[in-house]
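> build me a model:
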Amino acid sequence: MAKLRLEQTGIEGLLIIEPTVYGDARGSFMETYRYEEYFNIGVTKRFVQDNQSVSKKGVLRGLHFQKNHPQGKLVRVIKGTAYDVAVDLRKNSSTYGKWFGVYLSGDNHKQFYIPEGFAHGFLSLSDEVIFGYKCTDYYRPDDEGGVVWNDPDLAIDWPIHEVNEVIVSEKDKLLPKFRELG
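This is a model prediction of the structure:
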């Protein structure tokens with residue numbers, strides 16, 4: 001049943017996916033994941049864990065990754081609006097150190113597929129953002145890595161003008177810069 005519209009990002013493996021939304025006077029319906037359909041567009045990894053977070057306006061989570069057990073992620077916003085960013089950490093990639101950002105919302109239904117080897121983060125732009133993501137490996141707290149969100153070398157164009165203040169966890173404020181990853 002799922003029909004997917006695919007947008008390329010210019011970074012290999014990083015995809016924007018728009019599922020078909022069926023609506024009528026009662027509301028709407030969409031398939032958020034169907035193995036065969038996603039496999040056919042190149043999302044071939046098996047998902048083993050689903051996560052959900054709730055953030056208030058201005059919360060910036062990230063940029064996170066797992067060091068030895070990297071996770072691919074299929075992310076979407078269920079309610080609200082967020083600006084979602086992925087940074088290519090694959091050293092053998094022609095886009096190593098490049099980033100891509102996309103607006104995800106409960107209204108546009110876009111999904112963002114981030115393969116293994118990327119740092120990931122998002123900025124919450126509405127009063128409440130419910131963010132859901134599927135992961136290809138299990139979260140391991142002892143395997144966390146990250147890059148500070150405002151690293152001048154990455155120069156991510158976060159839409160901070162859309163929030164009154166950027167709220168970052170103490171842990172995320174202490175993340176290293178991209179060039180310090182080694």
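> residues touching the closest residue to E165 other than its chain neighbours, list them.
Take E165 and drop its neighbours on the chain: the residue closest to it by C-beta to C-beta, 6 or more residues apart in numbering is G58, 5.1 Å away. C-betas here are computed from N, CA, C, even on glycine. G58 makes contact with 123-124, 163-167, according to C-beta atoms under 8 Å, 6 or more residues apart in numbering.
> just the pLDDT for G58.
Confidence at G58, expressed as pLDDT, is 98.
> what do you get for A2?
Value listed for A2 in the pLDDT field: 62.
> quick revisit: quick check, nearest of the contacts of G58 to P152?
Using C-beta to C-beta, V166 comes nearest to P152 of the contacts of G58, at 15.3 Å.
> show me what contacts the nearest residue in space to N68 that is not next to it in sequence?
Leaving aside its chain neighbours, N68 sits nearest to D143 (5.5 Å; criterion: C-beta to C-beta, 6+ apart). Listed by C-beta under 8 Å, 6+ apart, the contact partners of D143 are 66-69.
> which residue packs closest to R5, ignoring adjacent ones?
Spatial nearest neighbour of R5, chain neighbours left out: E18 (4.1 Å); criterion: C-beta to C-beta, 6+ apart.
> so how many other residues sit close to that neighbour?
Neighbour count for E18, taken as other C-beta atoms under 10 Å: 15.
> what residues are bridge-paired with F100?
A86 (DSSP bridges).
> which stretches of the protein form helices?
Using DSSP state H, the helices of the chain run over 35-40, 170-173.
> the protein: strands as residue ranges?
4-8, 15-19, 22-24, 27-29, 49-56, 60-66, 73-79, 81-88, 99-105, 111-114, 118-124, 128-135, 144-146 (DSSP state E).
> now render those strands as JSON lines, adding distance to L154.
Formatted as JSON lines, the strands of the chain follow (distance: least, C-beta to C-beta, whole Å):
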{"stretch": "strand 4-8", "distance to L154": "21"}
{"stretch": "strand 15-19", "distance to L154": "20"}
{"stretch": "strand 22-24", "distance to L154": "38"}
{"stretch": "strand 27-29", "distance to L154": "36"}
{"stretch": "strand 49-56", "distance to L154": "21"}
{"stretch": "strand 60-66", "distance to L154": "8"}
{"stretch": "strand 73-79", "distance to L154": "19"}
{"stretch": "strand 81-88", "distance to L154": "6"}
{"stretch": "strand 99-105", "distance to L154": "6"}
{"stretch": "strand 111-114", "distance to L154": "16"}
{"stretch": "strand 118-124", "distance to L154": "9"}
{"stretch": "strand 128-135", "distance to L154": "21"}
{"stretch": "strand 144-146", "distance to L154": "12"}
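> can you tell which of those strands is closest to I41?
Going by C-beta to C-beta, the one of the strands of the chain nearest I41 is strand 4-8, 5.4 Å.
> which PyMOL command selects the buried ones in the contacts of G58?
Of those, the buried ones go into a single PyMOL selection, burial set by 16 or more other C-beta atoms under 10 Å:
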select buried, resi 123+124+163+167
